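**Q** what follows is a predicted protein model with its sequence.
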Amino acid sequence: MSTLNQLTAGELARAIRRKEASARQATEACLNRIRQIDGQVKAFLSYDEADALAQADAADRAVAAGEAAHRPLLGVPIAIKDVLAVRNQPLGCASKILEGYISPFDATVITRLREAGAIVFGRLNMDEFAMGSSTENSAYFTTRNPWDLERIPGGSSGGSAAAVAADECSASIGSDTGGSIRQPAALCGCVGLKPTYGRVSRYGLVAFASSLDQIGSFTKDVSDSALLLKAISGVDPKDSTSVPESVPDYAKALEGSIKGMRIGLPKEYMIDGMHPEVSAAVKAAVDQLQKLGADIVEISLPHTDYAAACYYIIAPAEASANLARFDGVRYGKRVDGADPIEMYSRTRGAGFGPEVKRRIILGTYVLSSGYYDAFYLRAQKVRTLIRQDFLNAFEKVDAIVTPTTPTAAFKAGEKSNDPLQMYLSDIFTISCNLAGICGISVPCGFLKEPKLPLGLQILGKPFGEAALLKLAHAYEQSSPWRGQKPPL
Amino acid sequence: MAAVEIDVNYVAHLARLSLTPEETQRVSTQLGNILAFIDKLSEVDVSKVEPTAHAVPLVNVTRPDVVTGSLPTAEALRNAPTKANGLFVVPKIVE
């Protein structure tokens, strides 16, 4: 018998709707689990127990008032990456520069989750300002992979992935700029969805790279991804980059056969340096999709090899501009100086960690006079070619399948002294953000020794989440990986 | 371009970011490696390619010019390092 914190969001919402469980019991089950294991996993930077329980009691009153029928997440505890504004709660991006900051408003995603009935709680650990692939860049501590506590959970949304994998919440929210949802989801064995650029409002998300950032979910299965996407999607007057596309009923889209759907396998993703068990797991998953009726087509994305270089110009360039706001004037840390410039420099020097400084310097450099054309403008042009590769491919196929990561979770400390090696752990996830398309990672097996989860990445057309979820769901339902739990 | 020597101190000044001498040294070495890696892009012929700034199919998003609610002053000042009389306090700018 599963405990309430182990249920999927959909299962828990159903149990609460049928009055077989209360929101209070579900929230207490999550809080108990956190007290029991988060000392080892370290997914949470903090959580406000009294606030979570108050929301739970309000949810139970709403159930009694008959609101469950039209609030699909009523009573479901959902934890939040430390990059999204939740009114009256801390918002720190796991950075010292925002120590003590309390959000004066709710991000739109939070507002929408609350409307759907969710209990929004906790601050999940991450790489500082979402820059990293392991949570080792958090200014506070490194989150651990629930499958092996010596290993990292991936990043930047490592806390979000670990918390779901360890059943510390029903689902969680993260952000993905170059793979920060899909990579940790793969390494922790949960489902991670990065929606299309423009699908979900980013109002209240602390910006890292504005042309790449997108908010998405970590869930225990694909049907929960559909449930959460429906709740958080749609145009928002507070975010002018949110796109006024209608929001389909994603849960409905999961039904039916995938027979005749065309799946592309890009030959450029079969790289050296990929772990042989990763290739084998992806091959087995592709065979499975074929058995379910999908047509498998080899395709080419010829500019794949340039994606990482392109990303590590564009993302730091945008970050260097976005992070200019942390200057000690209006919020956050301030270190005094004789004049404003000295105050800015000292504040930023004291407040930012090494990776953030590295990216600000790199970003400032590639935007600086004399280098802009050679680096930034050239990267934007290569980006056009990368996006065009995908749009061309999507004329022939409905979705593209790749490994999410070249290897399983690595050990803490293994790559932390070599930023370039760390950057290359995102090599399969970066193109999706540059192209502005959608992508999902679903569990596709385990490394044998040690037992570590592996992820299958499915990439879809712009605003093609319905097809993406349908394929992911069909695969998940036919594979034995759903519901496997780490040995905690 | 692989042998670019970056003047980290100059770039750090542009970024208003104070670095210790150790940090300057470390960043300088690491950036050299990263720049050598991103120099890969110079292989690509981009002579006939338009740049992509973002992937949103929208231009000039506007809304009706109507006043709506905004953050109250007290809330906006809630996280200020120093404040007085409903304002942020900063070091003297003009002599």
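**A** Yes, it's here. These numbers were taken from a predicted model, which means no experiment stands behind them.
**Q** excluding chain neighbours, what is closest to the residue in chain B that chain A sits nearest to?
**A** Nearest residue of chain B to chain A (Cβ to the nearest Cβ) works out as residue B:55 at 2.3 Å. From N, CA and C alone the C-beta is placed, and that goes for glycine too. Sequence neighbours aside, residue A:436 is the residue nearest to residue B:55 in space, at 2.3 Å (criterion: Cβ to Cβ, 6 or more residues apart in numbering or on different chains).
**Q** the one you found - how many residues pack around it?
**A** 22 (other Cβ atoms under 10 Å in any protein chain shown).
**Q** hmm, residue B:54 and it touching each other?
**A** Yes - counting by Cβ atoms under 8 Å, residue A:436 sits close enough to residue B:54 to count as a contact (7.1 Å).
**Q** and for those two, which residues touch both?
**A** residue A:197 (Cβ atoms under 8 Å, 6 or more residues apart in numbering or on different chains).
**Q** residue 16 - how many residues pack around it?
**A** Just so you know, I chose chain A. Using other Cβ under 10 Å: residue A:16 sits among 27 other residues.
**Q** chain B is the one I meant
**A** Neighbours of residue B:16 (other Cβ under 10 Å): 20.
**Q** what helix or strand is it on?
**A** Here residue B:16 sits in a region with no helix or strand, counting by DSSP states H and E.
**Q** flag the shaky bits of the chain, pLDDT-wise.
**A** Using chain A here. Within chain A, the stretches with pLDDT under 70 are A:1.
**Q** switch to chain B, that's the one I care about
**A** Using pLDDT under 70, chain B drops low at B:1-5.
**Q** which residue packs closest to residue A:383, ignoring adjacent ones?
**A** According to Cβ to Cβ, 6+ apart, the nearest residue to residue A:383 is residue B:52 (4.5 Å).
**Q** checking my notes, the one you found in a strand, right?
**A** No - secondary structure of residue B:52 (DSSP: H, G, I helix; E, B strand; the rest coil): coil, not part of a strand.
**Q** what residues does it make contact with?
**A** Remark: with contacts taken as Cβ under 8 Å, 6+ apart, residue B:52 is in contact with A:380-381, A:383-384, A:387.
**Q** which of those residues has the most neighbours?
**A** residue A:383 (30 neighbours).
**Q** pull out the buried residues from the host helix or strand of it.
**A** In this structure, residue A:383 sits in helix A:378-396 according to DSSP H and E. The neighbour-count check on helix A:378-396 (16 or more other Cβ atoms under 10 Å in any protein chain shown) flags A:378-390, A:393-394 as buried.
**Q** elements contacting it?
**A** Secondary-structure packing of helix A:378-396 (3 or more Cβ pairs under 8 Å, 6 or more residues apart in numbering or on different chains; DSSP states H and E): strand A:262-266, strand A:295-299, helix A:307-322, strand A:399-403, helix A:430-435.
**Q** following the chain past the last one, name the next helix or strand.
**A** Looking back up the chat, that one is helix A:430-435. Using DSSP H and E, the helix or strand that follows helix A:430-435 in sequence is strand A:438-447.
**Q** neighbouring strands of that following strand in the sheet, and parallel or not?
**A** strand A:191-194 (antiparallel), strand A:452-460 (antiparallel) (DSSP bridges).
**Q** in a markdown table: the ones you listed, plus distance to residue A:398.
**A** Output for the strands paired with strand A:438-447, formatted as a markdown table (distance: least, Cβ to Cβ, whole Å):
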| stretch | distance to residue A:398 |
| --- | --- |
| strand A:191-194 | 17 |
| strand A:452-460 | 8 |
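**Q** now those in TSV, with mean neighbour count?
**A** Listed next are the strands paired with strand A:438-447 as TSV, based on neighbours: other Cβ atoms under 10 Å in any protein chain shown:
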stretch	mean neighbour count
strand A:191-194	33
strand A:452-460	28
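**Q** fine, thanks again, bye for now.
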